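1. Predicted model, plus sequence, below.
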Amino acid sequence: MSEAAARPAAPTAGESGLLMSLDPLLREWLPRQRWFAGKGRPITGFTLDAVTELLPDAALLHLLVRAHQPPADEEGPGDRYQLLIGTAEAAAPHLAPAVIGHITHGPLAGRTAYEALQDPRHSAVLLERLRIPGALGALRFHRGPHGEVPRDLAPRPLTAEQSNSSVVYGDTLIAKLFRRVVPGLNPDLELPLALAREGCDRVPEPVAWFETAGTHHTEPATLGLLQPFLRDAADGWDLALKHVTNQQDFTAQARDLGRATAEVHTALARALPTVTYTRARIEQLAESMTRRLETTAQQVPPLLPYVDGLRSAFEALARLGAEGRTWQAQRVHGDLHLGQFLREPSGTWKLIDFEGEPSRPLAERRLPHPVHRDIAGMLRSFDYASPQSDWSLSCRAAYCSGYAEVSGTDPRTAPVLLRAYETDKAVYESLYEARHRPDWLQVPLTALKRLATH
Ligand SMILES: Nc1ncnc2c1ncn2[C@@H]1O[C@H](COP(=O)(O)OP(=O)(O)O)[C@@H](O)[C@H]1O
Ligand SMILES: O=P(O)(O)O[C@H]1O[C@H](CO)[C@@H](O[C@H]2O[C@H](CO)[C@@H](O)[C@H](O)[C@H]2O)[C@H](O)[C@H]1O
């Protein structure tokens, strides 16, 4: 790959000028993005961790920007975000919704900054980079062992509400760019690659990816990946909602989803290390769930009345550990819900988005867990589609039966573990909804009310 357009990764005087140009705009724009993790906390400033010019004259910039929002979180001084920014004398009319703002300070004064993934000319540059392995500025591009990356596929950005940002190329490939960037290998790349090595075809195999080089004290961070696009696939969440609306049974699909989950779990257990959860680890798990409940209740006050009742779910888990109960633990999906399953026109369910819960530290997301963690995520998801209904109860049962048919173990034989994970998931959801979709907060709250009196 040509290094011609690359600029050094470390910020230079010119780059701090760049920040002067962008700072006022980013303060306004960043908090409005769905993927911005620090909602509700004021930004006190930015640091530019790296800038790579993908097109000359600042026409297309790749930035890793740290947003300072005291106090610092577990992963360092401020969250680090990946931004692709285009600048032009004037943004073309079709890019109006992508405009970040008019630059009034610094070296780019007079130009307009916009979200470059919305500009097909710019997302085409990204595809071209992903096609050819190599280094460019702060970025490192890699190709997987299989799969073609054709040239000149027409890009279209996905408009779905997402935790990250995706671009579909010619209905053939889909690129996903992680927005909040943390050091380390992202499980969204790690697990699909491991599953592909294992011959599991339930997951689209990454064909290319890119990362930023680490520093002397941080690991490289995965920035994005390119996978086959599952054309004409139906999203499990949309499909479930349609069935609810039309008062149609969904148990056959739920059973298939259970079978697909068990297949993926079996392959993951073969592909990556497993551990046994014994007393200490189970008590630790119960403690971390309790801590999360308590901190979340501080951030989501409507949760407060249920805290005592919910704590009992985690106490029961710790008690089982103390009595000598053990479980096998392995790598799991980590944020499993109906929307993570896509049904191909052939009827086959595929699984996507192995990133885990984006707000958790990466090291935590890569820990092995009993499979009940994912199963609880799906049980919550049926409840989201039709809260506290017979529809959801029968789907939950069918899902567990399907899971048992393939794995040989019915998850319902571990009700205490399942309740603890379901409670933990609903606690996570209450924070997620409070931050991103306050209108939905009632869904996990209603479930938590029930789980508190279990
Ligand atoms: N391989 C794929 N084929 C078809 N659609 C996909 C594929 N991967 C993702 N999508 C679509 O993109 C959406 C967002 O992808 P996802 O990986 O869940 O991103 P995020 O982590 O930002 O939520 C999904 O809900 C799905 O509709
Ligand atoms: O965007 P991601 O797929 O990474 O996941 C986040 O957003 C999900 C919502 O889009 C959220 O899922 C919650 O809402 C779903 C309905 O929209 C429901 O099916 C899930 O069960 C529920 O958890 C997910 O928790 C969050 O991490």
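-> All right, it came through fine. Computed from a predicted structure; not experimentally measured. Numbering: from 1, shown residues only. Ligands and ions are numbered 1, 2, ... in the order given.
2. which of the residues in the helix or strand of the chain with the lowest mean pLDDT are buried?
-> Lowest mean confidence among the helices and strands of the chain (mean pLDDT, DSSP states H and E): helix 13-29, at a mean of 86. Neighbour counts over helix 13-29 (16 or more other C-beta atoms under 10 Å) mark E15, L18, L19, S21, L22, D23, L25, L26, W29 as buried. (C-beta placed from N, C-alpha, C; glycine too.)
3. Which one of the residues you listed is nearest to ligand 2?
-> Ligand 2 lies nearest to W29 out of those, by C-beta to the nearest ligand atom, at 20.2 Å.
4. ok, that closest one - contacts?
-> W29 is in contact with I100, G101, counting by C-beta atoms under 8 Å, 6 or more residues apart in numbering.
5. which parts of stretch 301-313 are buried?
-> For stretch 301-313, the neighbour count (16+ other C-beta under 10 Å) marks L303, Y306, V307, G309, L310, R311, A313 as buried.
6. actually stretch 41-50, not the one I typed
-> Buried residues in stretch 41-50, defined by neighbour count with 16+ other C-beta under 10 Å: I43, F46, L48, D49, A50.
7. likewise stretch 337-348?
-> Neighbour counts over stretch 337-348 (16+ other C-beta under 10 Å) mark H337, L338, G339, Q340, F341, L342, R343 as buried.
8. do stretch 143-154 as well
-> Neighbour-count burial for stretch 143-154 flags R143, G144, G147, V149, L153 (criterion: 16+ other C-beta under 10 Å).
9. Can you confirm whether it lies near ligand 1?
-> No: applying C-beta under 6 Å from any ligand atom, one finds stretch 143-154 out of contact with ligand 1, separated by at least 11.9 Å.
10. Tell me the gap between that stretch and the middle of its chain.
-> In terms of C-alpha atoms, centre = their mean, to the nearest Å, the centre of stretch 143-154 is found 23 Å from the chain centre.
11. Other residues contacting it?
-> 120, 124, 127-128, 130-131, 133, 169-170, 172-173, 193, 196, 205-209, 226, 228.
12. and what of stretch 352-369?
-> For stretch 352-369, the external contacting residues (C-beta under 8 Å, 6+ apart) are 35, 37, 74-75, 163-164, 178, 180, 182-188, 190-192, 203-204, 227, 272-275, 329-335, 340-342, 428, 431-432.
13. what does this structure have sitting close to ligand 1?
-> Selection of the chain residues close to ligand 1 by C-beta under 6 Å from any ligand atom yields 158, 160, 162-164, 166, 174, 176, 204, 227, 229-230, 233, 235, 339, 342, 352-353, 355.
14. Apply 5 Å and report the result again.
-> Remark: the part of the chain in contact with ligand 1 comprises A160, Q162, S163, N164, I174, P204, Q227, F229, L230, I352, D353, using C-beta under 5 Å from any ligand atom.
15. which one of these is nearest ligand 2?
-> Using C-beta to the nearest ligand atom, S163 is the member of those that sits closest to ligand 2, with 3.9 Å.
16. pretty sure the closest one contacts Q33?
-> No: applying C-beta atoms under 8 Å as the test, S163 and Q33 come out as separate, 10.5 Å apart.
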